[in-house]
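1. sharing a model prediction with you, sequence too.
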Amino acid sequence: MGFSKGDKVSWNTSQGKTHGKVLERRTSDFQFEKQKFTASQDEPVYIVESDKTGSQAAHKESALEKAS
């Protein structure tokens, strides 16, 4: 599957489904907002930005869905 920079995606939050876009694809371990993330070529982590709030978050590919 995989996503590219600029792709429209959605993901679940405690407030419900959120829509936004992919800002970056990470394929090595990194720290984001004081949390450590494990990423690899096989299991990338994406930095996404909410359309509604502009907040950024990091999510595994499995947590994201392609949005129209």
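-> Happy to help now that I have it.
2. what sits against Pro44?
-> Gly2, Arg25, Arg26, Thr27, Lys60, Glu61 (Cβ atoms under 8 Å, 6 or more residues apart in numbering). Just so you know, the C-beta spots here come from the backbone N, C-alpha and C atoms, and that holds for glycine as well.
3. for the third one, give the beta-bridge partners.
-> Note on Arg26: beta-bridge partners Val45, judged by DSSP bridges.
4. just checking, it touches Val48?
-> No. Counting by Cβ atoms under 8 Å, Arg26 does not reach Val48; the two are 11.4 Å apart.
5. so what's in contact with those two at the same time?
-> With Cβ under 8 Å, 6+ apart as the test, Arg26 and Val48 both reach Ala58.
6. any low-confidence regions in the chain?
-> Filtered on pLDDT under 70, the chain yields the residue ranges 1.
7. can you give me the strands in it?
-> Listed in chain order, the strands of the chain (DSSP state E) span residues 8-13, 16-26, 30-32, 35-37, 45-50, 56-60, 65-66.
8. name the residues that touch the second one?
-> Spelled out, it's strand 16-26. By Cβ under 8 Å, 6+ apart, the list of residues contacting strand 16-26 reads 2-12, 37, 39, 44-52, 56, 58, 64, 67.
9. that older thread, Arg26 and Val48: which is more packed in?
-> When neighbours are counted by other Cβ atoms under 10 Å, Val48 comes out ahead of the other of Arg26 and Val48, with 25 against 16.
10. for the more buried one, which non-adjacent residue is closest in space?
-> Among residues not flanking Val48 along the chain, Gly20 sits closest, at 5.0 Å (Cβ to Cβ, 6 or more residues apart in numbering).
11. just give the number of residues close to that neighbour.
-> 22.
12. tell me what it is bridged to.
-> With DSSP bridges as the criterion, Gly20 is bridged to Val9, Ser50.
13. show me the contacts for the residue lying closest to Phe30 once chain neighbours are set aside.
-> The spatially closest residue to Phe30, leaving aside those adjacent along the chain, is Phe37, at 5.6 Å (Cβ to Cβ, 6+ apart). With contacts taken as Cβ under 8 Å, 6+ apart, Phe37 has the following neighbours: Arg26, Asp29, Phe30, Gln31, Val45, Ala58.
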